[in-house]
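Trainee: have a look at this prediction, sequence included:
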Amino acid sequence: MAKPRMAKSARIAELNLDTARIPDQPSTSLPGTVDKIIPAPRPSLPEKAQIAVDGSDHLHRDLRIENSLTDEHGDEVKLKKGARVAVTVTAERKS
């Protein structure tokens, strides 16, 4: 038996209310390499790590982040030049 006709906005609202269908945030992971460590210009600022993301355009492949990371035990760690990393980009879902 066919379902009754329903407006598109009502179908979307019904899908959003379905608790069995909880979507994950869209994300992708790309491999990269730490190109260089940029020292802090002042002692109050952290040093930065420049990461070259593999598989991206030449003009947009460099990414700079603070070089103060935390491992799985809660200890502070730092990246070193030449280290292989995985860069994960996650997008927020629209509400």
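Mentor: Sure thing, it's come through.
Trainee: quick one: residue 58 and residue 82, what's the gap?
Mentor: Counting by Cβ to Cβ, to the nearest Å, the gap from residue 58 to residue 82 is 20 Å. Every C-beta, even on glycine, is put in place using the N, C-alpha and C of the backbone.
Trainee: residue 66 too?
Mentor: 19 Å.
Trainee: the more surrounded of these two?
Mentor: residue 66 (12 against 9; other Cβ atoms under 10 Å).
Trainee: what bridges to that one?
Mentor: residue 48 (DSSP bridges).
Trainee: what are the contacting residues of the lengthiest strand in the chain?
Mentor: Counting residues, the longest strand found in the chain (DSSP state E) is strand 27-38. For strand 27-38, contacts defined as Cβ atoms under 8 Å, 6 or more residues apart in numbering pick out 47-56, 62-64, 67, 79-91.
Trainee: list the neighbouring strands of it plus their orientation.
Mentor: Under the rule (DSSP bridges), strand 27-38 has strand 48-53 (antiparallel), strand 84-90 (antiparallel) as partners.
Trainee: so which of those strands comes closest to residue 3?
Mentor: strand 84-90 (34.4 Å; Cβ to Cβ).
Trainee: quick revisit: what subset of the contacts of strand 27-38 is buried?
Mentor: With neighbours counted using 16 or more other Cβ atoms under 10 Å, these contain these buried positions: 48, 49, 50, 51, 52, 53, 63, 67, 79, 85, 87.
Trainee: how far out from the middle of the chain is the worst-scoring helix or strand of the chain on mean pLDDT?
Mentor: Ranked by mean pLDDT, DSSP states H and E, the weakest helix or strand in the chain is helix 8-17, scoring a mean of 80. Centroid separation for helix 8-17 versus its chain: 28 Å, with Cα atoms, centre = their mean, to the nearest Å.
Trainee: again, but for stretch 66-78
Mentor: With Cα atoms, centre = their mean, you get 17 Å for stretch 66-78.
Trainee: alright, I will stop here.
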